[in-house]
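*Asks:* Show me how the following folds:
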Amino acid sequence: MRRRFWLLTLTIGMGCGTFDAYNAAESPSVDGGLVDGAASVDATASIRGDGATDAADNGDAGTTDAMPSADAAGDAGGTTRRILFMTRGTFNGNLGGVASASGVCNGLAADAGLEPPSGFFSVLLPNTPDAGTDYSLALDAVYYRADGVRIGTRAQLAQASFTGLPTDGGLAFDERGLPVSDGKAVWTGVNADLSLSAANCGQWSLGTNMAVGHVGVPTDNGAWASAPGDVNCDALVHLYCFQTH
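*Replies:* Model prediction:
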């Protein structure tokens with residue numbers, strides 16, 4: 001799990017825009033694709049967001065006011081409709097563990113009126129229980145953004161060649177269905193097939209540049225859960241929040 005740690009600044013051009021794990025003012029210089037020298041963040045700090053309030057209209061009239069029910073029927077075939085959203089706030093790798101990060105997701109879901117709020121979890125994990133709780137995407141569900149736009153099933157999302165992300169911003173939408181346009185990454189800790197990665201900021205308890213975590217690019221079909229390389233755990237990036245069973 002330990003290795004020589006480097007900070008990877010990811011800048012990926014795509015149809016939905018440009019992805020950068022940092023704001024321009026925070027981005028260190030690039031040398032051969034690997035960078036170092038990121039600003040340090042207190043490793044003992046608790047979960048915190050960046051306080052962003054840039055809630056722009058998503059351009060789809062009426063969709064943000066009528067939130068899809070978490071228990072509404074999904075696609076044909078007896079599947080269940082579930083919600084997946086990205087936090088507007090950003091966090092370093094010291095999330096207090098998966099359970100604490102999921103508490104953030106539950107709070108956001110409850111504030112937005114998504115039901116049931118207790119069913120939202122964060123930090124993607126494989127389809128096996130972790131500490132007695134299965135935090136993986138539901139096998140029998142179809143996932144939608146909070147604005148009602150279809151994302152896909154777990155099987156579709158676990159395909160490395162998946163090309164079905166919405167073209168108007170991918171997964172970069174918050175719990176109210178509003179776009180998040182800062183271009184930052186998302187902590188995931190999983191590979192493209194949703195199997196567990198060893199890069200998880202010490203089980204999401206470290207917020208320093210001496211550990212790394214795996215991230216995804218919310219606007220990239222092939223890298224939404226797993227971008228090339230890892231990011232130092234003092235980086236401030238987003239979380240995915242998703243309903244399970």
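
*Asks:* So Asp147: helix, strand or coil?
*Replies:* Three-state call for Asp147 (DSSP: H, G, I helix; E, B strand; the rest coil): coil.

*Asks:* separation between Val104 and Ala158?
*Replies:* 24 Å (Cβ to Cβ, to the nearest Å). Glycine gets a C-beta too; all of them are placed from N, C-alpha and C.

*Asks:* least trustworthy helix or strand in this structure by mean pLDDT?
*Replies:* Taking mean pLDDT, DSSP states H and E as the measure, the chain has strand 11-14 as its least confident helix or strand, at a mean of 35.

*Asks:* From Leu171, how far off is Val180?
*Replies:* For Val180, the distance to Leu171 - Cβ to Cβ - is 9 Å.

*Asks:* no no, Cys233
*Replies:* Taken as Cβ to Cβ, the span from Cys233 to Leu171 is 22 Å.

*Asks:* likewise Ala211?
*Replies:* Following Cβ to Cβ, the distance that separates Ala211 from Leu171 is 25 Å.

*Asks:* And these two? Which one has more around it.
*Replies:* Using other Cβ atoms under 10 Å, the more surrounded residue of Ala211 and Leu171 is Leu171, with 27 against 23.

*Asks:* wait, that one sits on Thr219?
*Replies:* Yes. In this structure Leu171 lies within contact range of Thr219 using Cβ atoms under 8 Å: 7.2 Å.

*Asks:* between those two, what contacts are shared?
*Replies:* Applying Cβ atoms under 8 Å, 6 or more residues apart in numbering, one finds that Leu171 and Thr219 are jointly contacted by Leu165.

*Asks:* And the strands in the protein?
*Replies:* Secondary structure of the chain (DSSP state E): strands at 11-14, 17-20, 80-86, 120-122, 141-144, 150-153, 186-187, 212-216, 230-232, 238-243.

*Asks:* Including mean neighbour count, could the ones you listed go into JSON lines?
*Replies:* Converted to JSON lines, the strands of the chain look like this (neighbours: other Cβ atoms under 10 Å):
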{"stretch": "strand 11-14", "mean neighbour count": "13"}
{"stretch": "strand 17-20", "mean neighbour count": "17"}
{"stretch": "strand 80-86", "mean neighbour count": "23"}
{"stretch": "strand 120-122", "mean neighbour count": "26"}
{"stretch": "strand 141-144", "mean neighbour count": "22"}
{"stretch": "strand 150-153", "mean neighbour count": "20"}
{"stretch": "strand 186-187", "mean neighbour count": "27"}
{"stretch": "strand 212-216", "mean neighbour count": "27"}
{"stretch": "strand 230-232", "mean neighbour count": "26"}
{"stretch": "strand 238-243", "mean neighbour count": "26"}
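
*Asks:* Tell me which stretches of this protein form helices.
*Replies:* 97-111, 154-157, 201-204 (DSSP state H).

*Asks:* Identify whichever of the ones you listed lies nearest to Val142.
*Replies:* Proximity to Val142 (Cβ to Cβ) singles out helix 154-157 among those, at 8.9 Å.

*Asks:* Can I get the closest one as CSV, trimmed to CA atoms?
*Replies:* Output of helix 154-157 as CSV, limited to C-alpha atoms (Å, rounded to 0.1, in the frame of the first residue of the first chain):
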residue,chain,number,x,y,z
ARG,A,154,-23.9,-1.2,-12.2
ALA,A,155,-23.0,-3.6,-15.0
GLN,A,156,-22.8,-0.8,-17.5
LEU,A,157,-20.9,1.5,-15.2
